[in-house]
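Chemist: One predicted model, sequence on top.
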Amino acid sequence: MKRGASRSLTAFVAAAIAAAFPSSGRACTDFTAAPSTRWSLATENGVSWLVTPCGERFFSVGVNVLDGGNSEHEKVGETYAGYNWQAFAPTLQDWAAEARRRLFSWGFNSAGGWSLTAQILKLPTVINLELGRLAKFHWVDPFAAETETRMVALARDLVAPYRGSPYRIGYFSDNEAGWWAGALFVWYSNKPASSPTKQRWVETLRRHYGGEWSRFAADFLPPTGVVSWDALLAATETTQMRPGGEGIHAVREWTGVVAERYYALTEEAIRSADPDGLYFGDRLPIYYDPAAVRAMAQHVDAIALNYNVDSGDGWIAHYFFDGLRKLSGGKPTLITEWFFAARENRSGNHNNGHLMTVATQQERAIGAAAATANFAAIPEIIGLHWFQYYDHPKGGRTDGEDYDFGLVDVDDRPYEELVAALTAANRRAPGIHAEARVTAPTKDPFVLPHAAISVHDHSLSDWPKPASLLPRLQPSPGAVEFGEAYLSWSERGLALATIGQDYFDIDLLAYDQAFPLAEAYRVELGVDAGAGPRRFTLFFIPPRTKRHTYSNNFPMSAQLCAGAARVAIAEGCTAVDAAEAVYFGSDQPRITAEMVVPWSALGIAPPARGTRLRAEIALTSWDGERWMSLSGRPPSEVMEDTASWRTMLLGEGSQMIDSLPPFRAPAPR
């Protein structure tokens with residue numbers, strides 16, 4: 001550990017806070033001298049900010065797991081071979097002081113989840129309480145009266161060490177509760193009649209179907225011999241959804257009922273325990289359920305969200321935050337976990353799952369810097385917290401996750417390229433955020449960029465994404481965007497990429513043979529390049545087995561079929577000669593894929609730049625619950641109306657990524 005920093009802690013604090021307040025002209029350098037201990041939120045010119053106890057706006061650039069290695073060490077014991085503060089400092093306070101000095105020099109100004117207390121770190125902090133888990137809300141009996149009693153008592157105890165501290169920004173109630181709609185429905189269908197939650201489950205279904213058992217039975221397959229609501233309450237076997245029905249709407253309603261209960265109880269408990277602390281919700285897990293967000297929005301001060309960057313070049317999908325903005329009414333959003341890992345690393349991590357991983361530390365640095373800027377350019381985002389300070393131990397955590405996430409390796413050596421890039425990006429982030437605006441593409445006709453796309457690298461980094469991103473797809477009534485699409489062209493053919501989100505639970509849908517294509521998440525593409533309209537449908541087929549570990553994945557497959565979706569559903573899939581389609585990225589609920597359709601499949605020879613064509617794109621979610629299209633009309637309608645397809649133009653090449661310009665940053669200290 002380096003000793004004798006040339007500047008005092010106060011100077012470092014002042015520099016860090018001044019970087020967070022580029023337009024304030026001054027900065028509060030000592031929160032303990034602030035006139036209050038309360039953090040708040042403000043909106044200025046449509047841009048959301050945290051506000052410190054000193055009354056100054058604050059963009060939180062934080063780091064998770066600032067604990068010196070304590071949490072994992074406590075789980076493993078003396079055999080722990082990962083990061084350990086005792087190897088680098090005589091006391092935990094000394095380790096914290098050096099970590100704080102480093103973070104300030106790298107442009108960070110706060111701490112995220114699983115960090116030491118503010119008394120030790122002396123950093124603005126958001127605390128993860130794990131309140132719902134400890135109170136046994138999730139997967140137990142959330143509507144039982146004793147659940148509320150436990151939650152209120154626990155919140156009081158969990159908040160006590162932080163209440164009244166000016167470094168306490170606020171609280172996360174839990175981490176990644178998930179709101180997996182199908183799993184929630186199936187789980188509570190198995191509970192006994194004595195469970196208050198099972199009683200509420202049956203009550204919700206009765207209300208949804210107006211008390212008509214026949215309507216319910218048309219959408220669901222109840223356990224054998226169950227033919228009434230009373231029998232359904234008494235049954236402890238699984239109730240599943242029938243293919244072809246409308247049961248997904250009842251499933252989604254049940255998710256909203258449970259989520260409303262959770263957010264109402266956690267809000268009451270946390271605000272009672274610490275009225276001056278902000279409530280950030282439960283750190284949504286790289287996905288959000290629309291019903292859960294609607295329930296959440298009326299109870300939280302800001303939305304906590306963990307996010308897996310969409311491409312190795314730092315690209316952030318627009319649809320995700322557009323949808324969240326509409327569902328929540330524009331609530332501020334804190335990115336509470338984001339990361340980049342590299343296969344080239346000094347800790348021996350294997351990076352064994354679906355989370356953002358690139359090949360080299362140089363790529364990691366470039367992508368992380370670009371992502372910082374792209375996050376900061378979203379008006380609702382009030383900060384972003386890097387996961388995490390140090391690498392996982394070689395061989396991984398006790399739960400199997402094994403990633404090079406650290407700003408430093410297990411020997412406490414900074415990743416020089418990464419921290420230099422983040423230093424420059426972090427210092428620019430508040431200024432970028434101050435200029436953030438919501439914009440929508442208005443290109444008409446839309447110009448497709450020329451780009452050589454490979455579907456074999458499992459990456460969207462070769463896409464000219466700003467140029468190829470299609471205008472916002474318009475969702476079905478009552479829904480919000482759940483994906484977006486990109487189009488480009490080359491001498492080989494048309495390329496389409498999609499980024500989206502939707503959750504499918506394999507236990508929810510009752511089917512025995514091949515997965516029914518009518519229930520599949522799908523992308524429909526219609527193109528008329530001069531030889532008449534041609535149709536293609538890309539179906540996503542889930543596995544029959546759930547993923548069990550970080551290294552044991554059972555991903556979905558992509559099936560590209562010629563013709564209309566209804567034809568493939570009714571008659572089976574006809575392959576498209578010489579076309580390629582690949583599903584990749586993370587396992588669902590994040591859905592990322594790309595495909596290339598050769599010009600021969602469109603009935604023409606490779607065209608020249610300037611050629612016009614007409615096209616339409618539509619997406620349909622699992623179980624046919626919701627849809628989106630370029631025109632805002634239902635897929636079954638607009639894909640048949642070929643005369644209404646949008647005019648597009650084959651253009652030139654384009655800048656490949658939204659990235660930061662070349663930067664010079666100080667070497668890490």
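Modeler: Perfect, I can see it now.
Chemist: if I look at Ile453, how far off is Gly610?
Modeler: Using Cβ to Cβ, to the nearest Å, Ile453 is found at 20 Å from Gly610. Heads up, the C-betas are built off the backbone N, CA and C, glycines and all.
Chemist: An error on my part: the question was meant for Asn190.
Modeler: Distance from Asn190 to Gly610, counting by Cβ to Cβ: 61 Å.
Chemist: So the two - more neighbours on which side?
Modeler: Counting neighbours by other Cβ atoms under 10 Å for Asn190 and for Gly610 shows that Asn190 has the greater number, 14 against 9.
Chemist: How about that one: what's its closest non-neighbour residue?
Modeler: The spatial neighbour of Asn190 that comes closest, neighbours along the chain excluded (Cβ to Cβ, 6 or more residues apart in numbering), is Thr236 at 5.5 Å.
Chemist: The one you found: what's it in contact with?
Modeler: Going by Cβ atoms under 8 Å, 6 or more residues apart in numbering, Thr236 touches Asn190, Lys191, Pro192.
Chemist: Name the SS class of the residue lying closest to the last one once chain neighbours are set aside, please.
Modeler: In other words, Pro192. Of all residues not flanking Pro192 in the chain, Thr236 sits nearest, at 5.8 Å (Cβ to Cβ, 6+ apart). Following DSSP: H, G, I helix; E, B strand; the rest coil, Thr236 is assigned to coil.
Chemist: give the contact list for the most centrally placed residue in the chain.
Modeler: Geometric centre of the chain, nearest residue: Ile286, 2.2 Å, by Cα atoms, centre = their mean. Contact partners of Ile286, counting by Cβ under 8 Å, 6+ apart, are Asn306, Tyr307, Asn308, Ser586, Pro589, Arg590.
Chemist: got it, and Ala359?
Modeler: Residues near Ala359 by Cβ under 8 Å, 6+ apart: Ala342, Arg343, Glu344.
Chemist: and the first one, bridged to which residues?
Modeler: It refers to Ala342. Val358 (DSSP bridges).
Chemist: Please tell me I have it right and it contacts Met356.
Modeler: No - if you go by Cβ atoms under 8 Å, Ala342 and Met356 don't touch, sitting 9.9 Å apart.
Chemist: how about Ala518, phi and psi?
Modeler: Dihedral angles of Ala518 (phi, psi; degrees, to the nearest 10) stand at phi -60, psi -20.
Chemist: hmm, I was thinking of Ile617
Modeler: Backbone geometry at Ile617, expressed as degrees, to the nearest 10, gives phi -130, psi 140.
Chemist: try Ala231
Modeler: Phi and psi for Ala231, reported as degrees, to the nearest 10, are phi -70, psi -30.
Chemist: Just give the closest residue to it, not the sequence neighbours.
Modeler: Gly225 (7.4 Å).
Chemist: I'd guessed that neighbour sits against Ala234; true?
Modeler: No - under the criterion of Cβ under 8 Å, Gly225 is not in contact with Ala234, lying 10.7 Å apart.
Chemist: Comparing those two, which residue is more hemmed in?
Modeler: Between Gly225 and Ala234, counting by other Cβ under 10 Å, Ala234 is the more crowded of the two (15 against 8).
Chemist: Report the separation between that one and Val596.
Modeler: Distance, Ala234 to Val596, by Cβ to Cβ: 54 Å.
Chemist: Ok, Trp645 next?
Modeler: Using Cβ to Cβ, one obtains 20 Å as the distance from Trp645 to Val596.
Chemist: next one: Trp187
Modeler: 41 Å.
Chemist: Between these two, point out the one with more neighbours.
Modeler: Neighbour count, other Cβ under 10 Å: between Trp187 and Val596, Val596 has more, with 24 against 18.
Chemist: Name the strands paired with the helix or strand encompassing the more buried one and say parallel or antiparallel.
Modeler: According to DSSP states H and E, Val596 maps onto strand 590-598. Using DSSP bridges, the strands paired with strand 590-598 in its sheet are strand 493-501 (antiparallel), strand 580-584 (antiparallel).
Chemist: Deepest-packed of these, please.
Modeler: Of all the strands paired with strand 590-598, strand 493-501 has the most neighbours on average by mean count of other Cβ atoms under 10 Å, namely a mean of 24.
Chemist: That strand - what's its average pLDDT?
Modeler: The average of the pLDDT scores along strand 493-501 is 97.
Chemist: now do stretch 115-122
Modeler: The model assigns stretch 115-122 a mean pLDDT of 93.
Chemist: Between the two ends of that stretch, what distance do you get?
Modeler: 11 Å (Cα to Cα, to the nearest Å).
Chemist: Give me the residues contacting it.
Modeler: Outside stretch 115-122, the residues that touch it by Cβ under 8 Å, 6+ apart are 9, 63-68, 70, 92-93, 96, 99-100, 111, 123-125, 161-162, 165, 167-168.
Chemist: So among the residues you listed, which ones count as buried?
Modeler: Taking 16 or more other Cβ atoms under 10 Å as the criterion, what is buried in the contacts of stretch 115-122 is 63-68, 70, 96, 99-100, 111, 123-125, 162, 165, 167-168.
Chemist: Identify those among those that sit within helices.
Modeler: Asn70, Ala96, Ala99, Arg100 (DSSP state H).
Chemist: Contacts only, for the third one.
Modeler: Which is Ala99. Leu66, Gly68, Leu121, Tyr389.
Chemist: Quick check: it vs Lys122, distance?
Modeler: Following Cβ to Cβ, the distance that separates Ala99 from Lys122 is 11 Å.
Chemist: swap in the second one?
Modeler: Computed as Cβ to Cβ, the Ala96 to Lys122 distance reads 8 Å.
Chemist: Repeat that for the last one.
Modeler: In this structure, Arg100 and Lys122 are 6 Å apart, going by Cβ to Cβ.
Chemist: In TSV: the strands paired with strand 590-598, plus distance to Lys136.
Modeler: Putting the strands paired with strand 590-598 into TSV (distance: least, Cβ to Cβ, whole Å) gives the following:
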stretch	distance to Lys136
strand 493-501	29
strand 580-584	37
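Chemist: Any idea which of those gets closest to Asp313?
Modeler: Taking Cβ to Cβ, strand 493-501 is the member of the strands paired with strand 590-598 nearest to Asp313, at 13.3 Å.
Chemist: Right, I'll call it a day here.
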